[in-house]
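Trainee: Next comes the sequence, and after it the predicted model I'd like to discuss.
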Amino acid sequence: MKRILLPLLLALLSISCADEKKESENKTEKELSFSSKTIEKRLEACNPEEGDCTFISLVFPVAENGTGEAEKINKEIENFLLNTIDYQEDGGVEKPEELAENFIKNYQETAREFPEYELPWEATINGKVAYHTPNLISLKFNTDMFTGGAHGYRSTRYLNFDSETGKILKPEDLFTSEFIDFVEKDFRNKKGIPLNENINSTGLFFENDRFHLPQNIGITNEKVILHYNAYEIAPYAAGNFILTYSRNKIEQFFNLKIAAPKA
């Protein structure tokens, strides 16, 4: 009887180990990850490095695997690309590939309508994963664009997501209300605006004369970056306003506990 039971137990143990290994492999396969995608279009194969070249270059992260959150994240990334580049009111563009094609076509139409128009258009977006933990993802996008006018458009944009659901996170999801008070005091101190004076007394234009956090907040392994783009709170000539804080310094203001970053 013992001779029969021993091989049976060994067989069951082998099956159990195999199932655990398969389950572990499946779990790894489904884990949310990111790759990078590049889309480039040029007018008549011109060379941007040689100047006088109309071109568009989009480099952006693409979420993969997961259990449904990747689709939500990718949709937000695509919406960001479309809203940044596609300035046409009628819209209709749904994918980054179409966006690139339309950018070149729009230039050609403009050049035909205004023969004296000689300035090339340029659009570059470089995106990357700045931070990725089991519960938080922070993506950074740098944009440079020129489609005529007195000057081009340059900005830095951060998109923050809940890693588990793919939901985009707002500043109030990330930080407590006390964080706004902390940042305002620091901002006033650095810009020389006394606490008893209007926040716009030096020429800024915070809405309703009330301080607010920037639209873009980035998170890295060591820092939290608050980035006010040009035009957000001041004229274009004033440039960007950037506040950077050590994670350790403002840890008490986080609304969520941030897990360790992925290896």
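Mentor: Ah, there it is. Worth saying up front: this structure is predicted, and the values here are computed from it rather than measured. Numbers count the residues shown, from 1 in each chain.

Trainee: And the helices in the stretch 151-263 of the chain?
Mentor: All helices of the stretch 151-263 of the chain, identified by DSSP state H, counting those that start in this stretch, fall at 171-174, 177-191.

Trainee: With distance to residue 66, mean neighbour count and mean pLDDT as extra columns, can I get the ones you listed in JSON lines?
Mentor: For glycine as for every other residue, the C-beta is placed from the backbone atoms N, C-alpha and C. Below are these laid out as JSON lines (distance: least, CB to CB, whole Å; neighbours: other CB atoms under 10 Å; pLDDT from 0 to 100):
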{"stretch": "helix 171-174", "distance to residue 66": "20", "mean neighbour count": "15", "mean pLDDT": "92"}
{"stretch": "helix 177-191", "distance to residue 66": "29", "mean neighbour count": "15", "mean pLDDT": "96"}
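
Trainee: Looking at these, which is nearest to residue 257?
Mentor: helix 171-174 (11.6 Å; CB to CB).

Trainee: Check which helices and strands that closest one sits against.
Mentor: Judged by 3 or more CB pairs under 8 Å, 6 or more residues apart in numbering; DSSP states H and E, the packing partners of helix 171-174 are strand 216-219.

Trainee: Okay, buried residues for the strand it packs on please.
Mentor: Residues 216-219 are the ones in strand 216-219 that count as buried (16 or more other CB atoms under 10 Å).

Trainee: for the stretch 151-263 of the chain, which spans come out with low pLDDT?
Mentor: 258-263 (pLDDT under 70).

Trainee: Going along the chain, name the strands of it.
Mentor: Using DSSP state E, counting those that start in this stretch, the strands of the stretch 151-263 of the chain run over residues 153-161, 216-219, 223-228, 241-246.

Trainee: that older thread, which single one of the buried residues of strand 216-219 is nearest to residue 248?
Mentor: Out of these, the member with the shortest distance to residue 248 (by CB to CB) is residue 219, at 13.2 Å.

Trainee: Would you reformat the strands of the stretch 151-263 of the chain as TSV and include distance to residue 182?
Mentor: Formatted as TSV, those follow (distance: least, CB to CB, whole Å):
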stretch	distance to residue 182
strand 153-161	19
strand 216-219	13
strand 223-228	11
strand 241-246	9
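
Trainee: if we can go back for a sec, of all the helices of the stretch 151-263 of the chain, which lies closest to residue 80?
Mentor: Checked against CB to CB, the stretch from those lying closest is helix 171-174, at 16.7 Å.

Trainee: which residues touch residue 95?
Mentor: residue 78 (CB atoms under 8 Å, 6 or more residues apart in numbering).

Trainee: quick one: it from residue 74, how far?
Mentor: 11 Å (CB to CB, to the nearest Å).

Trainee: now swap in residue 140 and tell me
Mentor: Counting by CB to CB, the gap from residue 140 to residue 74 is 16 Å.

Trainee: which one of those two has more residues nearby?
Mentor: Counted by other CB atoms under 10 Å, residue 140 and residue 74 do not tie: residue 140 has more neighbours, with 21 against 17.

Trainee: Which strands and helices lie in contact with the helix or strand hosting that one?
Mentor: Per DSSP states H and E: residue 140 is located in strand 137-146. If you count contacts as 3+ CB pairs under 8 Å, 6+ apart, strand 137-146 packs onto helix 69-85, strand 122-132, strand 153-161, strand 216-219.

Trainee: That'll do, ta.
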